[in-house]
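J.: Mind looking at a prediction? Sequence and model below.
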Amino acid sequence: MPVLGGAGAATASARAGRAGIQRLGDFLTDIGTGDLGSALRDAGLERLVGQDRFDVLDELITYIAGDGSDADSQAARDAACDVIDDVFGDADSWDDLHATAISAEDLPRLLEAFLARYIYNRMPVVAERLSRLFDPQAAQQADADMRAIIEDMVAIAMPTDPFNVDWSGPQGRQIADDALRRAYEAFEGWDGDES
């Protein structure tokens, strides 16, 4: 049985990931070209300006990935949590959060990380396949190999200058679709068998 019904079906059903990368790309670009306050205002989250880490990050993750009410949204939330934690590090106060900067090197890395983690989280056969490997080292290596393949396929689809992308528009959607399709095609027809 193909992963998530095959590459086409997996890409088409990746609603939370597609919307998430578009919102995240837009938000991180706004931080990179301005600051956190302006990025929150542009996202319609102005009520969070001046708030502490918990309030800002909790609502920001929901804005990016949804409420986690289904498996797709939960996969996006888990990926968004990891990336947002990477962006803000140990910042707790508003001043610390507001001092966060996004560089030209940070943006593609963060966007790739979100999509790669989201795709990995959606792969229903991963845990089942790895559980069949009796050798813990083999299971660990298989997991690392799968993550590397996903990361490589996502990286290929990323633009060279992500700051000049309209992430919330058709351009952002096309980049998301291309990255998702490439990653799922790498596993098309794979049913989790070790052979």
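T.: Happy to help now that I have it. Please read all numbers here as calculations on a predicted model, not as lab measurements.

J.: Could you tell me how far the residue most central in space within the chain is located from R47?
T.: Within the chain, one residue has its C-alpha closest to the average C-alpha position: by CA atoms, centre = their mean, that is F114, at 1.9 Å. Applying CB to CB, to the nearest Å, one obtains 24 Å for the distance of F114 from R47. Backbone N, C-alpha and C define where each C-beta goes, glycine included.

J.: How about G25?
T.: Separation of G25 from R47 (CB to CB): 22 Å.

J.: and the next element down the chain from the lowest-mean-pLDDT helix or strand in the chain?
T.: Comparing every helix and strand of the chain by mean pLDDT, DSSP states H and E singles out helix 126-131 as the least confident one, with a mean of 58. Proceeding C-terminally, helix 126-131 gives way to helix 136-157 as the next helix or strand, assigned by DSSP states H and E.

J.: Packing partners of that next one?
T.: Secondary-structure packing of helix 136-157 (3 or more CB pairs under 8 Å, 6 or more residues apart in numbering; DSSP states H and E): helix 106-122, helix 126-131, helix 170-185.

J.: buried stuff in it?
T.: Under the neighbour-count criterion of 16 or more other CB atoms under 10 Å, helix 136-157 has A142, D143, M146, I149, I150, E151, M153, V154, A155, A157 buried.

J.: tell me how far stretch 67-84 is from the chain's mean position?
T.: In terms of CA atoms, centre = their mean, to the nearest Å, the centre of stretch 67-84 is found 8 Å from the chain centre.

J.: any residues touching it, and which ones?
T.: 13-17, 19-20, 24, 57, 60-62, 64-66, 110, 113-115, 117-118, 121-122 (CB atoms under 8 Å, 6 or more residues apart in numbering).
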